[in-house]
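**Q** Test case, fold it:
(one chain, ligands or ions: 2)
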Amino acid sequence: MDDCEDLFKNVFSSFIHGILIVDTKLNIRKSNPALEEMFCRSGEDLIGKPLSLLFPEQPALEDKFKEVISNSASYQLLEGRACRKNALSHFPAGMTLSPLFGAKGESLGALATIKDLSLLKDLESVSRPFERLSTTEALTLGMAHEIRNPLGGIRASAQLLLSDLETSPNASLIQIIISEVDRINRLIKKMMDFSQEAEPKVKLINIHRSLEEIFLLEKETLIAHQITLLQEYDPSLPLIKADPDQIKQVFLNLIKNAREAMPNGGQIRVSTRYHGSYAFSAVSQSKPLLFIVVEVADNGCGMDDKQIETLFTPFVTTKSKGVGLGLALTLKIIENHKGTIKVSTQKNAGTTFQVFLPLPQK
Ligand SMILES: Nc1ncnc2c1ncn2[C@@H]1O[C@H](COP(=O)(O)OP(=O)(O)OP(=O)(O)O)[C@@H](O)[C@H]1O
Ligand SMILES: [Mg+2]
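**A** Ligands and ions are numbered 1, 2, ... in the order given. Here you go, the predicted model:
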């Protein structure tokens, strides 16, 4: 009997989703640690309080709870707007409701299992620009191949002409041909990188080591632009499964964007930490995942609402020498790693990119 009770206690406290038990008057009777973490409240803080503390101003949801209690109905796939401590932040919560009975079959209240859906919703919303992409991708790849060959011929001929005309006053014009051809080549390479099906070649990597390698590459340029780098790492983060080259490309793009957003210098802060809540890796997968988050924050020019709307859309750029593929490629890589990206920005104040990468499952 004791064993059985221990087992139930263990299930209750280690269950990955929140469990909430309310009595027949919709007052909270019990919660598990996952729920307390989700709502940033302690168990003592919750006990005896009304359900509306967690789900304020939602009479429709309360009606569902009442129905469960009075009619022994049960519900799945319900959604509510949940409120963390001190109404500081809200999050979308998914839940199932079941009636709770006593030993004699009398109604004791209702039992709800609750999940924080915020990351899942982010994954859905961020992924949208890519739905428009497949035909563009096919076109891009085909065109890139066709443009590259004649370009090679143009460059080689210009190079030959240059060696003949080295002393001529027109030599600089041929230099322009060569440098412009090189520019088109760079653009095409980016387009091809973007279009090619880049399945990540994953291995266990230390995210801090990858970041350090990037900073080594970028150090001189940052100093030249009077940008200081602040690193705030959580040393306890475990290894992640990722493609080291692709991960480097992601953070190089973000660091480069941050630098370009601060033409008069500034600060880039790169921090790493666990993402505190559980989420689903994708709609189709039911296994919960824990994420790490790497934040790249600058105090540069920031973006307005219109820019945010088209962010991650290929070929959208505000820079005279930009291609507008950096972020699209970055998001594609992170999505291939089953992660996601969140952005917060304020015009003339700065921008923060948060990159979520899943931790390997045990
Ligand atoms: N940290 C940032 N601060 C302000 N604006 C940004 C930042 N990062 C991106 N942007 C905006 O988003 C646009 C798209 O960025 P993205 O990296 O995709 O392309 P790009 O930097 O213009 O060109 P490239 O392909 O060379 O990276 C930028 O042109 C810029 O307007
Ligand atoms: Mg860029």
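
**Q** does ligand 2 sit close to stretch 345-357?
**A** No - taking C-beta under 5 Å from the ion as the criterion, stretch 345-357 and ligand 2 are apart, separated by no less than 11.2 Å. C-beta here means a position set from N, CA and C on the backbone, and glycine is covered the same way.

**Q** helices or strands up against the host helix or strand of residue 220?
**A** Using DSSP states H and E, the element containing residue 220 is helix 207-224. If you count contacts as 3 or more C-beta pairs under 8 Å, 6 or more residues apart in numbering; DSSP states H and E, helix 207-224 packs onto strand 227-232, helix 244-260, strand 266-280, strand 288-298.

**Q** and whatever helix or strand comes next after the shortest one, what other elements does it pack with?
**A** Reading on from strand 227-232 to the C-terminus, the next helix or strand found by DSSP H and E is strand 240-242. Packed against strand 240-242, as judged by 3+ C-beta pairs under 8 Å, 6+ apart, are the following elements: strand 203-205, strand 350-358.

**Q** So what does residue 168 have for phi and psi?
**A** Dihedral pair for residue 168: phi -70, psi 150, per degrees, to the nearest 10.

**Q** try residue 110
**A** Dihedral pair for residue 110: phi -140, psi 150, per degrees, to the nearest 10.

**Q** just checking, residue 248 touches residue 210?
**A** Yes - between residue 248 and residue 210 a contact is recorded at 5.7 Å, counting by C-beta atoms under 8 Å.

**Q** Helix or strand, whichever it is, which one in this protein has the lowest mean pLDDT?
**A** Here the helix or strand of the chain ranked lowest by mean pLDDT, DSSP states H and E is helix 118-127, holding a mean of 64.

**Q** quick one: residue 203 and residue 193, what's the gap?
**A** 20 Å (C-beta to C-beta, to the nearest Å).

**Q** same question, residue 144
**A** 10 Å.

**Q** what about these two, which has more around it?
**A** Higher neighbour count among residue 144 and residue 193: residue 144, with 19 against 15, using other C-beta atoms under 10 Å.

**Q** Correct me if wrong: that one contacts residue 188.
**A** Yes - applying C-beta under 8 Å, one finds residue 144 in contact with residue 188, separated by 4.8 Å.

**Q** Can the helix holding residue 220 be said to contact ligand 1?
**A** No - using C-beta under 6 Å from any ligand atom, helix 207-224 stays clear of ligand 1, with a minimum separation of 13.9 Å.

**Q** Please apply the same query to stretch 333-353.
**A** Yes - Stretch 333-353 reaches ligand 1 (C-beta under 6 Å from any ligand atom) through residue 351.

**Q** What count of nearby residues applies to residue 104?
**A** 5.

**Q** Could you do residue 303 as well?
**A** As a burial measure, residue 303 scores 21 neighbours (other C-beta under 10 Å).

**Q** need the contact list for the closest residue to it other than its chain neighbours.
**A** Nearest residue to residue 303 in three dimensions, chain neighbours excluded: residue 345, at 4.6 Å (C-beta to C-beta, 6 or more residues apart in numbering). Listed by C-beta atoms under 8 Å, 6 or more residues apart in numbering, the contact set of residue 345 reads 302, 303, 308, 351, 352.
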